[in-house]
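[1] Okay, sequence plus prediction incoming.
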Amino acid sequence: MEFATPLVPARLIRRYKRFLADVRLADGREVTAHCANPGSMMGLAEPDTKIWLEPNNDPKKKLKFGWRLVDHENGHFTGVDTSLPNRAMKAALLAHQVPDLPPYDLVRPEVKYGENSRIDFLLSGQGPDIYLEVKSVTLCRTAGLAEFPDSVTARGTKHLQELAKMATQGHRAIMFYLVQRTDCAAMTLATDIDPVYRVAFDQAAAAGVKVCAQRCKISPKGIWLGDPIPFKL
């Protein structure tokens, strides 16, 4: 999935109120960018971090830049926009390019299910339906190892509980962790950050929920699905 508008480099001044970031552009101007990430962004929001922004000319948008990437300045990138993985996943599903999933003819996003919930994708048309929940993973505290979550996530716990219910009812349910980092070759859970999420994960796995982890290919040109990686506990 290519970015709609060419990205521009900047330096982070500060991130605040979760969804705002003050940044310095290459020409010295200081602007406020939208940060589409509700998590803590641990390790990704230090002052003077090199980042990449997507500009826009939409008159309906107050902020004219969106923060898309962290540039680790060693050849590796992290995608910080949590809305992008679902868009990249949808494109890959429609193109039948997700190695851990069989090809499905019908891909429906944001389908209501469970108790006032929406599944990221409901796949139909090739065997039993699959309830597919996708999580963006950006935390890395040990070299090469991605972790989820980066903060307490009651919403994420609820999603696991809903998937577990679907699995116990005989449906196929998958928790899919999409690692938005190019420097990680395996993934695990950050149990110390959210032990309640870990309990819900264990219960979901016991109920039959399948777990997949896959990393992304990332550059200032776009984000695409990469290879599956091991999930370790």
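    Sure, I can see it. Keep in mind that this is a model prediction, so the values were computed, not measured. Residues are numbered from 1 along each chain as shown.
[2] Just say helix, strand or coil for residue 155.
    Here residue 155 is helix, with the state taken from DSSP: H, G, I helix; E, B strand; the rest coil.
[3] Could you list the low-pLDDT ranges of this protein?
    By pLDDT under 70, the chain contains no weakly predicted segment.
[4] If we use 80, what do you get?
    The chain contains residues with pLDDT under 80 at 126.
[5] mind giving me the domain split of it?
    8-79, 84-228 (automatic domain parsing).
[6] Turn those into TSV, columns for mean neighbour count and distance to residue 1.
    Just so you know, the C-beta spots here come from the backbone N, C-alpha and C atoms, and that holds for glycine as well. Below are those laid out as TSV (neighbours: other CB atoms under 10 Å; distance: least, CB to CB, whole Å):
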stretch	mean neighbour count	distance to residue 1
domain 8-79	16	11
domain 84-228	18	5
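[7] and residue 2, which of the ones you listed is closest to it?
    Nearest of the domains of the chain to residue 2, taken as CB to CB: domain 84-228 at 3.9 Å.
[8] got a list of what residue 158 touches?
    By CB atoms under 8 Å, 6 or more residues apart in numbering, residue 158 lies in contact with residue 117.
[9] Could you look up the SS state of the residue nearest the centre of the chain?
    Nearest to the mean C-alpha position of the chain, by CA atoms, centre = their mean, lies residue 136 at 1.7 Å. Assigned with three-state DSSP, residue 136 falls in the strand class.
[10] contacting residues for it?
    Going by CB under 8 Å, 6+ apart, residue 136 touches 79, 82, 84, 85, 178, 180.
[11] For the closest residue to the first one other than its chain neighbours, grab phi and psi.
    It stands for residue 79. For residue 79, ignoring the flanking residues on the chain, the nearest one in space by CB to CB, 6 or more residues apart in numbering is residue 180 at 3.6 Å. In terms of degrees, to the nearest 10, the main-chain angles of residue 180 are phi -90, psi 50.
[12] So residue 180 versus residue 166, what's the distance?
    Computed with CB to CB, to the nearest Å, the distance linking residue 180 and residue 166 is 26 Å.
[13] can you check residue 44 too?
    Between residue 44 and residue 166 the computed distance is 32 Å (CB to CB).
[14] So residue 26 sits against residue 10, correct?
    Yes: counting by CB atoms under 8 Å, residue 26 touches residue 10, with 6.9 Å between them.
[15] For residue 200, which three-state class applies?
    Assigned with three-state DSSP, residue 200 falls in the helix class.
[16] Tell me if I'm right that it and residue 154 touch.
    No: taking contacts as CB under 8 Å, residue 200 lies outside contact range of residue 154: 10.0 Å.
[17] which residues does residue 215 contact?
    Going by CB under 8 Å, 6+ apart, residue 215 touches 146, 178, 179, 181, 182, 184, 185, 226, 227, 229.
[18] right, and the pair among these with maximum separation?
    178 and 185 (14.7 Å).
[19] And the helices in the chain?
    84-94, 154-168, 195-207 (DSSP state H).
[20] Tabulate those in JSON lines, adding columns for distance to residue 102.
    Below are these laid out as JSON lines (distance: least, CB to CB, whole Å):
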{"stretch": "helix 84-94", "distance to residue 102": "11"}
{"stretch": "helix 154-168", "distance to residue 102": "17"}
{"stretch": "helix 195-207", "distance to residue 102": "21"}
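[21] picking that back up, ok, the contacts of residue 136 vs residue 19, which is closest?
    residue 82 (10.9 Å).
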